[in-house]
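# Dropping the sequence and predicted coords here.
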Amino acid sequence: MASSDMAASAKAKYLQIADDLAARIRSGTLAPGAPVPSEAELMKDYKVASGTVRKAVAELRAAQLIETHHGRGSFVRSRPPVQRKSSDRFRRAHRAAGKAAYLAEAEQSGGTPSVTVLFVGPADAPAEIAERLGVLPGAKVLVRRRRYFRDGVPTEEATSYLPWEVVKEIPEVFAENPGGGGIYARLEEHGHVLAEFTETVRARLASKAESSALALSPGAPVIDLVRNAITADGVVVEVCDTVMAADQFVLDYRFPARD
């Protein structure tokens, strides 16, 4: 058999496995939260190699029908992904209600959100962060690093950097819990009125450390999101770098048509 024919046959086989499992999920035979048959079981049932099974499982993950947790295996998704509405997530109405953006979004998706604070404290600004903040490389900044969960499953890890001169008189932002509405509410209470957010989004494969932190399979995709928060005076008062489990989120953008 020619190599092209062999490749086509292998593709047809893993797509058949993926289709069979998808049908079982949609019919309820594999219920939400149920484990997907193991790699060994699928190899035996379909008489295929492990690589074929892994490709089939990857198809199901891409279709957001299953989720894989490092060291535990794959399971039928029990909840929809968080819909991250970038045009609405930083509304003052959320902050006035005492909710930071992630908490509001996770609740709307039907999950129970939580956050673990990994670090809060001073640091020297790396060159790239300093450029975004408009300060000198090595300047003192406040760093806040958090890991976010939904229903106990880690979904994203975010690191914020704030200029020391901006936050040194705002004691709440040095606390693990800065209070209702998060750090943006505290900044605005102290006169730093936010006017604009810029975001840059790219997809890539998770590093080994990121896979461990977010309980992902090796080489799983992540969303790398970089945000700047800018005041009405044009001052960047926070930059935030976020790594998100790609299968846990839908990014929803709205923007006006322009001439």
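Everything's here; your move.
# Quick check: which element contains the closest residue to residue 136 other than its chain neighbours?
Setting aside the residues directly before and after it, residue 136 is nearest to residue 130 in space (Cβ to Cβ, 6 or more residues apart in numbering), at 6.1 Å. C-beta here means a position set from N, CA and C on the backbone, and glycine is covered the same way. For residue 130, the host element (DSSP states H and E) is helix 127-133.
# for that helix, the distance to its chain's centre please.
23 Å (Cα atoms, centre = their mean, to the nearest Å).
# Counting neighbours, which bits of it end up buried?
129-130, 132-133 (16 or more other Cβ atoms under 10 Å).
# just stretch 243-254 next, same as before
243-249, 251.
# okay if I get the residues you listed as TSV plus pLDDT?
As requested, these are arranged in TSV below (pLDDT from 0 to 100):
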residue	pLDDT
243	97
244	95
245	92
246	89
247	80
248	83
249	86
251	85
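# so which of those residues comes closest to residue 23?
Nearest to residue 23 among the buried residues of stretch 243-254: residue 247, at 20.2 Å, using Cβ to Cβ.
# Spell out, range by range, the strands that occur in the protein.
Listed in chain order, the strands of the chain (DSSP state E) span 66-69, 73-76, 82-85, 113-124, 140-150, 153-163, 194-205, 221-231, 236-245, 249-252.
# Out of these, which gets the lowest mean score?
Looking over the strands of the chain, mean pLDDT reaches its minimum on strand 82-85, with a mean of 74.
# From the chain's centroid, how far away is it?
10 Å.
# Please name the strands paired to it in the sheet, noting orientation.
strand 249-252 (parallel) (DSSP bridges).
# can I get the CA coordinates of the partner strand in CSV?
Extracted C-alpha coordinates of strand 249-252, given in CSV (Å, rounded to 0.1, in the frame of the first residue of the first chain):
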residue,chain,number,x,y,z
PHE,A,249,-12.9,29.3,27.1
VAL,A,250,-14.7,30.9,24.2
LEU,A,251,-13.4,34.4,23.4
ASP,A,252,-16.3,36.7,22.3
